[in-house]
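[1] Build the 3D model from these lines:
(one chain, ligands or ions: 1)
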Amino acid sequence: MTHKRSLILNENTHTLCELPILSGTTGPDVIDVETLYKQTGMFTYDPGFTSTASCSSTITYIDGEAGILLYRGYPIEQLAEKCTFLEVCYLLLNGELPSSTELLDFQSTITIHTMVHDQLTNFFKGFRRDAHPMAIMVGVVGALSAFYHDALDIKSKKDRDISAIRLIAKVPTIAAMCHKYSTGLPFMYPQNKLSYVENFMRMMLATPCDDFVPNPVLVRALDRILILHADHEQNASTSTVRLAGSSGANPYACITSGIACLWGAAHGGANEAVLNMLKEIADVSRIPSYIAKAKDKNDAFRLMGFGHRVYKNHDPRAKLMRATCHEVLTELGLHDDPLFKLALELERIALEDPYFIEKKLYPNVDFYSGIVFHALGIPSNMFTALFAMGRTVGWIAHWDEMIADPDQKIGRPRQLYTGSKMRNIPENHGKST
Ligand code: CMC
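    The predicted structure is shown next:
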């Protein structure tokens, strides 16, 4: 909704420019700068997008000051307590929670798409055994577009819906295959009688030699973790998916761009980095020296799993993840494990430290997810792949929302150029002197 106009003065040309202010349903108003360049000849400059809304969206809302996260209006706390991951997927994709019949239908549609085309297994053989699972994921998820020529018309809602189903169903299968390949174990095929999370745990953790017996506490914990990762409005990987999709690229290519972006340690790669950091700290007695390193301006070290661009209060996902973490540690009798003791002590010390308090650096979702994944027996190089599994639905919901928007344009930011002014190549260039 447009409700008022903002005036901006260009001091160089002394031109006044009028810009509309837009209001959403909740959250800060935004100044619509679409006509700014036309009116003033100037661009806006905001390299980390700290003050820039890149789109409008109806999917997810975050109030970072109040620690609020809503998917389609529902608080994350209620979704984590009362819903399954697949219900949340349905909600993110369709805008409303499913009825029981809609849920059954959705679950069975996802289930029957969990198997991958058998020829896709050939792609794995091209990777070295020691390749990082995320490197393999980027290649193999991208390769999916080579298998679905039948449904790549992005203007067709039917094609977009089937692509969403295929991605949500197959990404866990591919993630588990990445792990099996890098450990030299045989791929485990999905089983239709199992739930989404049971299926993934079996494909990931079981072998043909052992029966898989799901532990309901651990299955529920992983299901909740996926809910907590399902969407987070215009974060780096989702913005990457939107930008890739804005050119008309196919959904598999777009989701792959999101997976690649997620891998970075400042984003989803932080969960793996947390565990590596805990292993490096190794002993409670060494925590103070690492806290000192994190505070030292001349040291690039950061406490992984702490801080967030948007949350300047507790990350609501981290609160829920912390509770899940304790449930899992209790279920597995791991509270006395040295690594977990170390993590909990680090959390305690950092939360009491004035540097972290002043800068509002709280443990984020990745701090606890790394610990839970480790407790579940998932190797650390797979942590970000699990984040990608949860986030796939968010990426695809944003991609679909963008493509369905009749006013959608290719994303094309501008820049502040600071390079050489125009110059000529010298006459004697390339001639020996
Ligand atoms: N350890 C030590 N100092 C920190 C940390 C940290 N983890 N995070 C931020 N700071 C300091 C930073 O040095 C800066 O200090 P100053 O104002 O004196 O220059 C101040 O806090 C603000 O930091 P920033 O880098 O300007 O903040 P940002 O919004 O650009 O970065 C962040 C957010 C998440 C990238 C950053 O906090 C970080 O690198 N954290 C560690 C990595 C991490 O856990 N990432 C997962 C994020 S949550 C999951 C997800 O959404 O992907």
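[2] Find the closest residue to the ligand in the protein.
    residue 307 (2.3 Å; Cβ to the nearest ligand atom). C-beta coordinates here come from the backbone N, C-alpha and C atoms, glycine included.
[3] Count the neighbours of that residue for me.
    21 (other Cβ atoms under 10 Å).
[4] Same question for residue 150.
    8.
[5] Return the residues in contact with it.
    The contact partners of residue 150, by Cβ atoms under 8 Å, 6 or more residues apart in numbering, come to none.
[6] Contact partners for residue 117?
    Applying Cβ under 8 Å, 6+ apart, the residues near residue 117 are residue 147.
[7] What are the phi and psi values at it?
    Torsion angles at residue 117 (phi, psi; degrees, to the nearest 10) stand at phi -60, psi 130.
[8] Using CSV, write out the CA atom coordinates for the helix or strand hosting residue 273.
    Using DSSP states H and E, residue 273 maps to helix 270-281. Output in CSV follows, covering the C-alpha atoms of helix 270-281 (Å, rounded to 0.1, in the frame of the first residue of the first chain):
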residue,chain,number,x,y,z
ALA,A,270,28.5,-22.0,10.0
ASN,A,271,27.1,-25.2,11.5
GLU,A,272,30.1,-27.2,10.2
ALA,A,273,32.4,-24.4,11.2
VAL,A,274,31.0,-24.5,14.8
LEU,A,275,32.0,-28.1,15.1
ASN,A,276,35.4,-27.5,13.7
MET,A,277,35.9,-24.6,16.1
LEU,A,278,34.8,-26.7,19.1
LYS,A,279,37.3,-29.4,18.0
GLU,A,280,40.0,-26.7,17.7
ILE,A,281,39.3,-25.3,21.1
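[9] Does anything pack onto it? Which helices or strands?
    Other helices and strands packing on helix 270-281, by 3 or more Cβ pairs under 8 Å, 6 or more residues apart in numbering; DSSP states H and E, are helix 287-295, helix 338-352, helix 365-375, helix 383-404.
[10] Whether stretch 69-83 contacts the ligand - can you check?
    No. If you take Cβ under 6 Å from any ligand atom as the test, stretch 69-83 misses the ligand, and the best it gets is 11.2 Å.
[11] Buried residues of that stretch, list them for me.
    Neighbour counts over stretch 69-83 (16 or more other Cβ atoms under 10 Å) mark 69, 70, 71, 72, 76, 79, 80, 83 as buried.
[12] start to end distance for it?
    Chord length of stretch 69-83, first to last residue, is 15 Å (Cα to Cα, to the nearest Å).
[13] residues in contact with that stretch?
    By Cβ under 8 Å, 6+ apart, stretch 69-83 touches 58-62, 68, 88, 91-92, 95-97, 224, 227-228, 230-232, 316-317, 320.
[14] what's the angle from the helix holding residue 273 to helix 383-404?
    In terms of direction (axes from the mean of the first three to the mean of the last three Cα atoms, to 10 degrees), helix 270-281 departs from helix 383-404 by 160 degrees.
[15] part of a strand, is residue 158?
    No. Judged by DSSP: H, G, I helix; E, B strand; the rest coil, residue 158 forms no part of a strand; its state is helix.
[16] can you offset everything so residue one is 11?
    Taking 11 as the first residue, the last one we looked at is residue 168.
[17] Make sure residue 117 is actually in contact with residue 96.
    Yes. Contact criterion Cβ atoms under 8 Å: residue 117 and residue 96 qualify, at 5.5 Å.
[18] what's around the residue lying closest to residue 249 once chain neighbours are set aside, how many residues?
    Residue nearest to residue 249 in three dimensions, not counting chain neighbours: residue 64, with 6.1 Å by Cβ to Cβ, 6 or more residues apart in numbering. If you count neighbours by other Cβ under 10 Å, residue 64 ends up with 13.
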